[in-house]
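[1] got a sequence here, can you build the structure:
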Amino acid sequence: MSDTVCLGAIAGAFGVKGEVRLKSFTARPEDIAAYGALVSEDGKHSFEVALTGQTSGALTARLSGIATREQADALRGVRLHVPRDRLPVLPDDEFYHADLIGLEVFDTGGTPLGRVKAVLNHGAADLLEIHAPGLTSTVLLPFTREAVPTVDLAARRIVADPPEGLF
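    Numbering: from 1, shown residues only. So this is what the prediction gives:
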């Protein structure tokens, strides 16, 4: 597990006065501004975030030190992180997506199924995108108690009971 967690990404400039379009990865999008200064992935930039509104698919925000459209546009694609210790402790049955990525997945008999490549959510529920050796495409496993009865972060493994025919 990393010392930082990605909370959002800058999607580009908004307007001409240095505002940015901000994609939030937090459960409640507006909470991205509640964690204090956010740091770029490379650690070179730190920004205080002040939300200014909303646009289609993103928030609009002012970032400390950014005053022009050109400065804002230069940040397009920058992912914003926060130290893990600023995040709330989750109940036993909840997980940060960042902690699931990279975990090995095994079936209930112990056979390796692959590794979690991403956690996706297209509106209904979370899906684990699993890269399985020998397959040409990834497999999407519903992240439900029935399909994923065990997540062991300490052992860096997931035990899955996938629907018949998925793998």
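[2] what about the protein, any weak spots by pLDDT?
    Low-confidence segments of the chain, defined by pLDDT under 70: 1-2.
[3] biggest helix in it by residues?
    helix 69-74 (DSSP state H).
[4] residue contacts, residue 72?
    10, 12-14, 18-20, 63, 66 (Cβ atoms under 8 Å, 6 or more residues apart in numbering). Heads up, the C-betas are built off the backbone N, CA and C, glycines and all.
[5] what's the distance between the residue lying closest to residue 126 once chain neighbours are set aside and residue 124?
    Nearest non-adjacent residue to residue 126, counting by Cβ to Cβ, 6 or more residues apart in numbering: residue 143, 4.0 Å away. Per Cβ to Cβ, to the nearest Å, residue 143 is found 11 Å from residue 124.
[6] neighbour count: the two, which is higher?
    Neighbour tally, residue 143 and residue 124, criterion other Cβ atoms under 10 Å: the higher count belongs to residue 143, 21 against 7.
[7] surely the more buried one meets residue 128?
    Yes. Between residue 143 and residue 128 there is a contact under Cβ atoms under 8 Å: 5.2 Å.
[8] what is in contact with the two at once?
    Shared contacts of residue 143 and residue 128, defined by Cβ under 8 Å, 6+ apart, comprise residue 119.
[9] make sure residue 123 is indeed in a helix.
    No. Counting by DSSP: H, G, I helix; E, B strand; the rest coil, one finds residue 123 to be coil, located in no helix.
[10] please, where are all the strands along the protein?
    Here the chain has its strands, by DSSP state E, at 4-14, 19-24, 38-40, 46-47, 49-55, 58-63, 79-83, 104-107, 112-121, 126-131, 139-142, 150-152, 157-160.
[11] and residue 89, which of those is closest to it?
    strand 4-14 (13.0 Å; Cβ to Cβ).
[12] what is the distance between the longest helix of the chain and the centre of its chain?
    Relative to its parent chain, helix 69-74 has a centroid offset of 24 Å by Cα atoms, centre = their mean, to the nearest Å.
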